[in-house]
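Enquirer: Structural data only, the sequence is not supplied:
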């Protein structure tokens, strides 16, 4: 069996839902369908989830938001009308939504979560009704009834292990299960949403729980690209990549998947297939445990900006046991997480995301480093980009560094930092923000576009 | 004025001492002469310092060592004879040495220091006597009388700041000062030796204290080489390098200078000139604060082996504030110092010298990392070499990385690690021990020997 998840743009209109139905019907293995809330129909459209957030905020402030309520309900209404579904379905959604909006506001966080989750929940009901109206044996299943339980200590949502055993029972359901993404329930019976793009996580959890043979993730692109199409025109599609490659790429701004979404499927060793609702016959991209190395050493290039480095130098630092640990401790006490720690003999740099702190905190940290560590010099450099080249084929490939750094030199990009040596499947270059696009294009040219020549 | 230090091989025989005299006489600015103990006269010769250590050990064990005593005294005796000095000088050295060897052994450490230091001390007396016999106005000065005081807490010798003020008074001495290297006195009046090659440190301290315009360091090579001559035949000489370049090079096995020897001169901004006693007209190598960049980006290549890496991976490590700090803490609690910390997204490696720990401690540390940090995987890789390319010209030189990594790829050397980004004047490559020589030769070819071609 397969778990099949559809994203917001695949569910934005009646026309899209017809494609979804065709996809589900086309393969009898598609037994569990996970749905997002209705997404954008066109570039300037607003996602239902965003309408719900605004609506909940207005209710928390003023106790009403009639225009937003209408906007939300009419999104479902227009889909239902397009599909010739009875009006009672839309009316039920309106009643449920209004009741929810008037509900308990004693915990604004729980209230917000419940309102947000209704986007997916109502859509799952709508999709199930549509499937049934087309003669399919389909059933809406609520996460609480299915036993999808989470804890939400310290702002970090965690799936309770028993959930996986509970979800395995979905296999006994003869009908096609339509399941809302994005949320679970805590043990107090309250709704807890996952982070954004959380429907991907739900699909991943269900794939793990039901021990599916495949987790299909339908979105609106034919495949994962080897590089951001906003930076390089018509980049190559990636047919297959490993979990590890995906994780390293998504770290640095690769936007296909939410970072954590893959973990449950990964832990169960279930392959993921990213496919296009609008072009279901395209092969898509598969994320797997192991792959054949047919693409050369590099499978993808990702980049992200907004980093800074704190440079600390002290003569004979190298001899001082505990220096690095004490430096990291100062950052930790200020709640800062860091990304990388390149070091010289008597100097060390900490690379971290600069949106974590403003000028005040920066000044405070710099003076603590001077005072507590008796540093000779402390300098902060802003506006760095990290570029990551990723590929399992890099493990033993002599010369990948040479090709990458030569490409950057050819593009007149100065390498501010290289981090290579821990991960076997990636290599990271730090460059100035202004050089990011130029650097990514040069690396793409080198590893994907250039005609192979002897080197 | 100049402080001029002569190393052991420059003082190993009467013939050598004649060269030393010529050098001192040739420049009236050479006012303070620092001397080592007599060194090797030929490859298999034994240094006086080594004879003294063995002699002290035998005295500590059995209370006598007549053969070694004779061997030591006869080294001074043969020099004195070669220089036609009166026998009374050698006899005085014998009496002083025997008295010292029969002296207080209640602290074996202090006893050993005093015996070792006699090598330099007696040599300074001999050199001063020789200078006088040649009609030079020269005087032996004892470090205690000159006020060279140190503390020796926790095995780490530190110059007391007042020493520098005391030593400034040497400028008032009209005669040429002959000063023994390698030791100072603690406040209890006991002799404390510096680490090996400690005469370089003495010269550096005296240069600082007397505010000399130059610290000359006479040894037995015409210049510092750009790379180890045992690895590359007839390598290029370096005319000028900065303190920072010297420090980075000496870290990774560049043997010209003891690591710490330069600090006092560096702090006072005094340039150092390394010259050859056997060829004093050669320009030598100057160590300076700033230099003109005329050699291309790289000034030297150094390497050292015997490193290992501890690789730690944990899914979502990147999110865990404090992970790196806790990892470093485990090493610190076991007294281990580390060199570098390359990191990926969910993994981190620690590079450290492997002679710091045996299998037992390694096993203990690996299991602590598994248990306390809940790591997914911990792996130790042994027998790594670190190769450092150094040069102030690398600061803004686009393409140095490309040239270096291309050279390594061309030599079929796999780069296990790159550390670049903190120090602006160096770049470090980790390779397997077996590839070290091959890698150094390839880098030398690239940066020093190759005919410039357009790249």
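Expert: Structure received. Everything numeric here is computed off the predicted structure, so don't read it as measured data.
Enquirer: ok, the residue in the stretch 51-200 of chain A that chain B sits nearest to to residue B:321 distance?
Expert: Among the residues of the stretch 51-200 of chain A, residue A:156 lies closest to chain B, at 8.8 Å counting by C-beta to the nearest C-beta. (Glycine included, C-beta is placed from N, CA and C.) Applying C-beta to C-beta, to the nearest Å, the value for residue A:156 to residue B:321 is 12 Å.
Enquirer: go on, residue A:111?
Expert: Remark: distance between residue A:111 and residue B:321 (C-beta to C-beta) = 29 Å.
Enquirer: Repeat that for residue A:201.
Expert: Per C-beta to C-beta, residue A:201 is found 22 Å from residue B:321.
Enquirer: and the nearest residue to residue A:5 once chain neighbours are set aside, what is it in contact with?
Expert: Distance criterion C-beta to C-beta, 6 or more residues apart in numbering or on different chains; nearest residue to residue A:5, sequence neighbours excluded, is residue A:203 at 3.4 Å. Shown here is residue A:203, whose contacts under the criterion C-beta atoms under 8 Å, 6 or more residues apart in numbering or on different chains are A:3, A:4, A:5, A:34, A:181, A:215, A:217, A:261.
Enquirer: before we move on, back to that, neighbour count for residue A:156 and residue B:321, which is higher?
Expert: Neighbours of residue A:156 and residue B:321, each counted by other C-beta atoms under 10 Å in any protein chain shown, are more numerous for residue B:321; the result is 13 against 9.
Enquirer: how about that one, phi and psi?
Expert: Residue B:321 has phi and psi values of phi -60, psi 130 when expressed as degrees, to the nearest 10.
Enquirer: Wait, it touches residue A:334, no?
Expert: No - here residue B:321 lies out of contact with residue A:334, judged by C-beta atoms under 8 Å, at a distance of 10.2 Å.
Enquirer: Show residues contacting stretch A:17-25.
Expert: Under the criterion C-beta under 8 Å, 6+ apart, external residues in contact with stretch A:17-25 comprise A:4, A:6, A:10-11, A:30, A:33, A:79, A:82-83, A:127, A:130-131, A:134, A:136, A:176, A:218, A:277-278, A:280.
Enquirer: buried stuff in stretch A:140-150?
Expert: By neighbour count, and taking 16 or more other C-beta atoms under 10 Å in any protein chain shown as the criterion, the buried residues in stretch A:140-150 are A:140, A:141, A:143, A:146, A:147, A:148, A:149, A:150.
Enquirer: What distance do you get for the fifth one to residue A:185?
Expert: With the distance defined as C-beta to C-beta, residue A:147 ends up 9 Å from residue A:185.
Enquirer: for the fourth one, same thing?
Expert: Remark: distance between residue A:146 and residue A:185 (C-beta to C-beta) = 10 Å.
Enquirer: Same question for the third one.
Expert: Relative to residue A:185, residue A:143 is positioned 6 Å away (criterion: C-beta to C-beta).
Enquirer: Going along the chain from the helix or strand harbouring residue A:184, find the next helix or strand for me.
Expert: Element membership for residue A:184, per DSSP states H and E: strand A:183-185. On the C-terminal side of strand A:183-185, the closest following helix or strand by DSSP H and E is strand A:191-193.
Enquirer: Tell me the helices and strands packed up against that next one.
Expert: When contacts are defined as 3 or more C-beta pairs under 8 Å, 6 or more residues apart in numbering or on different chains; DSSP states H and E, strand A:191-193 packs onto helix A:108-133, strand A:183-185.
Enquirer: I'd like the ones you listed laid out as JSON lines, including mean pLDDT, distance to residue A:326 and mean neighbour count.
Expert: Below are the helices and strands packed on strand A:191-193 laid out as JSON lines (pLDDT from 0 to 100; distance: least, C-beta to C-beta, whole Å; neighbours: other C-beta atoms under 10 Å in any protein chain shown):
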{"stretch": "helix A:108-133", "mean pLDDT": "96", "distance to residue A:326": "36", "mean neighbour count": "23"}
{"stretch": "strand A:183-185", "mean pLDDT": "96", "distance to residue A:326": "41", "mean neighbour count": "24"}
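Enquirer: These into JSON lines, with extra columns for distance to chain B?
Expert: Formatted as JSON lines, the entries for the helices and strands packed on strand A:191-193 read as follows, by distance: least, C-beta to the nearest C-beta, whole Å:
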{"stretch": "helix A:108-133", "distance to chain B": "21"}
{"stretch": "strand A:183-185", "distance to chain B": "19"}
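Enquirer: what's the closest of those to residue A:380?
Expert: Closest approach to residue A:380 among the helices and strands packed on strand A:191-193 is made by helix A:108-133 (34.6 Å; C-beta to C-beta).
Enquirer: and residue A:211, which of the three is it?
Expert: In terms of secondary structure, residue A:211 is coil; the call rests on DSSP: H, G, I helix; E, B strand; the rest coil.
Enquirer: Roughly how far does it sit from residue A:159?
Expert: Relative to residue A:159, residue A:211 is positioned 16 Å away (criterion: C-beta to C-beta).
Enquirer: neighbour-wise, which of these two wins?
Expert: Regarding residue A:211 and residue A:159, a neighbour count based on other C-beta under 10 Å identifies residue A:159 as having more, with 21 against 15.
Enquirer: quick one: contacts for that one?
Expert: Residue A:159 touches A:148, A:149, A:150, A:184, A:205, A:264, counting by C-beta under 8 Å, 6+ apart.
Enquirer: now do 7 Å
Expert: Contacts of residue A:159 were listed using C-beta atoms under 7 Å, 6 or more residues apart in numbering or on different chains, and they are A:150, A:205.
Enquirer: Would you check how far apart it and residue A:247 are?
Expert: To residue A:247, residue A:159 is 18 Å away according to C-beta to C-beta.
Enquirer: Likewise for residue A:342?
Expert: Taking C-beta to C-beta as the measure, residue A:342 and residue A:247 are separated by 22 Å.
Enquirer: just residue A:400 next, same as before
Expert: Separation of residue A:400 from residue A:247 (C-beta to C-beta): 19 Å.
Enquirer: can you pull the contacts of the nearest residue to residue A:288 once chain neighbours are set aside?
Expert: Using C-beta to C-beta, 6+ apart and skipping the chain neighbours, the partner closest in space to residue A:288 is residue A:271 (4.8 Å). With contact taken as C-beta under 7 Å, 6+ apart, residue A:271 is in contact with A:214, A:286, A:287, A:288.
Enquirer: Could you verify that the third one is part of a strand?
Expert: What that stands for is residue A:287. Yes - with three-state DSSP as the criterion, residue A:287 is located in a strand.
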